[in-house]
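Chemist: need the 3D shape of this:
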Amino acid sequence: MLTAILIICGAGCQSCKDRNAEKGQLLEVYDVQGSAAKARLTVDGKVLFVTDVIIGKNGIGKTGEGDAKTPTGTLRPLSAFGIKPNPGTKMPYIDITPSTFACDEDCEYYNRIIDTAVVHHPCHGEEMYSYQPHYNYGIATDFNKECVYPNGSAIFIHVKGPKPYTGGCIAFDEDKMVEILLNCDMSLIITVKE
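Modeler: Below you'll find the predicted structure:
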């Protein structure tokens, strides 16, 4: 289990980009219709699945915190996470506990996953453990990697919840989320387009 802070800030990984050219892991989100879209996972030139996903309540084109939009363009994974145990992913895996929060406040922890029991920040962001089944499994992305408030935070790929939309994340059926985790590593490229 990773403790303290998962820094969602930072530069892209050049070696990850180089490995991706060889491994060819691509998760594409496309055919956006409001808060619904299609997603395709391709690994080593083979399409593993095409499925329906849900995205931000207000579609795509994220501009800032709380706009309920999914960002467009290219995203990279920072870490996998989950309330449930690691299913066997090669990505670093954060075990979500009752003290794990995704901070969306204007502070030093903005756009980071933190363990409040370790950093002692009285966070009012997303109490991740309470988001079940959403955060049973997920991947943190590098959206707003500079962690500039209020440009947007906590853009994750995660399991679908009961609503037909998200706050800006990309949500999959749980079996598809597990399939992503089992077949991808840190070289995964995620693209979102109309």
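Chemist: quick one: contacts for the residue positioned nearest the centre of the chain?
Modeler: The centre of the chain sits closest to residue 156, judged by Cα atoms, centre = their mean, with a distance of 2.0 Å. By Cβ atoms under 8 Å, 6 or more residues apart in numbering, the contact list for residue 156 reads 102, 135, 138, 139, 140, 141, 169, 170. All C-beta spots, glycine's among them, are computed from the backbone N, C-alpha and C.
Chemist: excluding chain neighbours, give the residue nearest to residue 183 in space.
Modeler: Of all residues not flanking residue 183 in the chain, residue 43 sits nearest, at 5.2 Å (Cβ to Cβ, 6 or more residues apart in numbering).
Chemist: so the one you found sits right up against residue 24, yeah?
Modeler: Yes: Residue 43 is within contact range of residue 24, at 6.6 Å (criterion: Cβ atoms under 8 Å).
Chemist: circling back: which of the contacts of residue 156 lies closest to residue 73?
Modeler: Nearest to residue 73, judged by Cβ to Cβ, of the contacts of residue 156 is residue 141 at 10.9 Å.
Chemist: who's the closest residue in space to the closest one that isn't next to it in sequence bridged to?
Modeler: For residue 141, ignoring the flanking residues on the chain, the nearest one in space by Cβ to Cβ, 6+ apart is residue 75 at 4.2 Å. For residue 75, the beta-bridge partners under DSSP bridges are residue 190.
Chemist: residue 75 - how many residues pack around it?
Modeler: Using other Cβ atoms under 10 Å, residue 75 is surrounded by 24 other residues.
Chemist: for it, list the residues it contacts.
Modeler: Taking Cβ under 8 Å, 6+ apart as the definition, contacts of residue 75 comprise 141, 142, 143, 155, 189, 190, 191, 192.
Chemist: what about the residue nearest to residue 183, distance to residue 179?
Modeler: Going from residue 43 to residue 179 by Cβ to Cβ, to the nearest Å gives 10 Å.
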